[in-house]
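Q: Generate coordinates for the sequence data below:
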Amino acid sequence: RGKIGIVMNAIWFEPVNDSLADRLAAERAQAFYLTWFLDPVVFGRYPREMQEILGEDLPKFTKDDLKSSKNGLDFIGI
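A: Numbering: from 1, shown residues only. This is a model prediction of the structure:
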């Protein structure tokens, strides 16, 4: 029996300074670079930042999609 996983090229984004704008920019960068792949297979949804920006333009998950992806990973490689 095999194992199923995903390997990501993880880059961590840090704000340039402690301003709210820079912190939010770092969170958006993380959402659009890394967690838009991981959140759907781990949590069954897109990152909040993507939902706020893209809204209805994001692809929809069917009930079957969510059922098949729940507990669907044996590992996450970083």
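Q: where do the strands sit along this structure?
A: If DSSP state E is used as the criterion, the strands of the chain fall at 5-7, 75-77.
Q: hey, C-alpha coordinates of the lowest-mean-pLDDT helix or strand in the chain in PDB?
A: Among the helical and strand segments of the chain, the one scoring lowest on mean pLDDT, DSSP states H and E is helix 63-69, with a mean of 81. C-alpha atoms of helix 63-69 as PDB (Å, rounded to 0.1, in the frame of the first residue of the first chain):
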ATOM      1  CA  LYS A  63     -19.500  17.400  -1.500                       C
ATOM      2  CA  ASP A  64     -17.700  14.600  -3.300                       C
ATOM      3  CA  ASP A  65     -14.500  16.800  -3.500                       C
ATOM      4  CA  LEU A  66     -14.600  17.500   0.200                       C
ATOM      5  CA  LYS A  67     -15.300  13.900   1.100                       C
ATOM      6  CA  SER A  68     -12.500  12.500  -1.000                       C
ATOM      7  CA  SER A  69     -10.000  15.100   0.200                       C
END
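Q: outside of it, which residues touch it?
A: Contacts of helix 63-69 with the rest of the structure, by CB atoms under 8 Å, 6 or more residues apart in numbering, involve 40-41, 44. For glycine as for every other residue, the C-beta is placed from the backbone atoms N, C-alpha and C.
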